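S.K.: No sequence on hand, only this structure:
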């Protein structure tokens with residue numbers, strides 16, 4: 001599928017399988033989510049631009065590569081997005097952070113916004129939006145619309161699992177935003193959950209169900 005990158009690294013796939021198991025504990029799920037998010041972050045930032053800087057090693061002065069441009073922004077779709085956010089910040093601790101609060105109405109499956117906080121200069125930064133699940137796509141579509149309203153132009157979306165329905169909806173709304181995921185699952189059920197999926201990521205991460 002154009003515009004979609006499936007991250008099939010063996011460690012990603014192994015950890016995802018353990019996360020899918022219903023007997024995996026809350027603590028185990030949370031730990032695995034943090035670990036897998038670091039691996040996913042490595043892939044979604046693979047093509048960042050570099051520039052050269054003069055430094056001194058203990059032996060001599062050299063030209064060495066450093067990231068070019070302004071720092072990244074990781075935009076977490078609350079609340080489950082924070083599980084991915086923590087591991088990504090382990091890898092890129094200098095990144096700025098945006099929080100976008102949306103929840104899915106279980107009757108209409110529409111996204112309802114309740115919170116938005118982001119750096120002011122998002123127009124000059126690469127924004128990586130994170131949410132474990134791309135199910136209907138409504139929450140992620142609404143979140144990215146908010147970022148674009150603030151001037152964001154360079155956006156990527158990162159998730160653990162995606163459903164074909166969500167991918168179609170997302171790409172229809174934001175064809176300019178590339179998607180990175182660890183798996184494209186079979187379909188959505190009548191309640192809008194990804195099948196086979198791993199259940200509700202937020203509930204499993206925080207032990208709220």
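M.R.: That came in fine, so what should we check first? All of these numbers come straight from a predicted model, not from anything done at the bench.
S.K.: Could I get the full set of helices for this structure?
M.R.: Along the chain, the segments classed as helices by DSSP state H run 10-20, 26-44, 81-91, 138-149, 164-173, 201-206.
S.K.: Out of the ones you listed, flag the one nearest residue 57.
M.R.: Comparing those by their distance to residue 57 (Cβ to Cβ), the top pick is helix 81-91, with 23.3 Å. Using the backbone N, CA and C atoms, a C-beta is placed for each residue, glycine as well.
S.K.: Can you list the neighbours in contact with the closest one?
M.R.: Identification of contacts with helix 81-91 by Cβ atoms under 8 Å, 6 or more residues apart in numbering yields 30, 33-38, 40-42, 74-76, 95, 97, 100, 128-132, 158, 160, 201-202, 205.
S.K.: so who does residue 186 touch?
M.R.: 163, 164, 195, 196.
S.K.: tell me the pLDDT at it?
M.R.: Residue 186 is assigned 95 on the pLDDT scale.
S.K.: pLDDT-wise, which helix or strand of this protein ranks last?
M.R.: strand 111-117 (a mean of 84; mean pLDDT, DSSP states H and E).
S.K.: wait, doesn't residue 76 sit right on residue 102?
M.R.: No - using Cβ atoms under 8 Å as the test, residue 76 is too far from residue 102 to be in contact (11.1 Å).
S.K.: Would you write a ChimeraX line that selects the buried entries of the contacts of helix 81-91?
M.R.: Paste this into ChimeraX to select the buried members of these, with burial taken from 16 or more other Cβ atoms under 10 Å:
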select :30,33,34,35,36,37,38,40,41,74,75,76,95,97,100,128,129,130,131,132,158,160,201,202,205
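S.K.: Can you list phi and psi of residue 120 for me?
M.R.: Its backbone dihedrals place residue 120 at phi -70, psi -30, with angles given as degrees, to the nearest 10.
S.K.: where in the chain is pLDDT low?
M.R.: 104, 106, 109, 111 (pLDDT under 70).
S.K.: Tell me which residue is most central in this structure.
M.R.: The centre of the chain sits closest to residue 130, judged by Cα atoms, centre = their mean, with a distance of 2.2 Å.
S.K.: which non-adjacent residue is nearest that residue?
M.R.: residue 84 (4.2 Å; Cβ to Cβ, 6 or more residues apart in numbering).
S.K.: mind listing what residue 133 touches?
M.R.: Shown in contact with residue 133 (Cβ under 8 Å, 6+ apart): 80, 159, 160, 161, 162, 194, 197, 201.
S.K.: 6 Å instead?
M.R.: Counting by Cβ atoms under 6 Å, 6 or more residues apart in numbering, residue 133 makes contact with 161, 194, 201.
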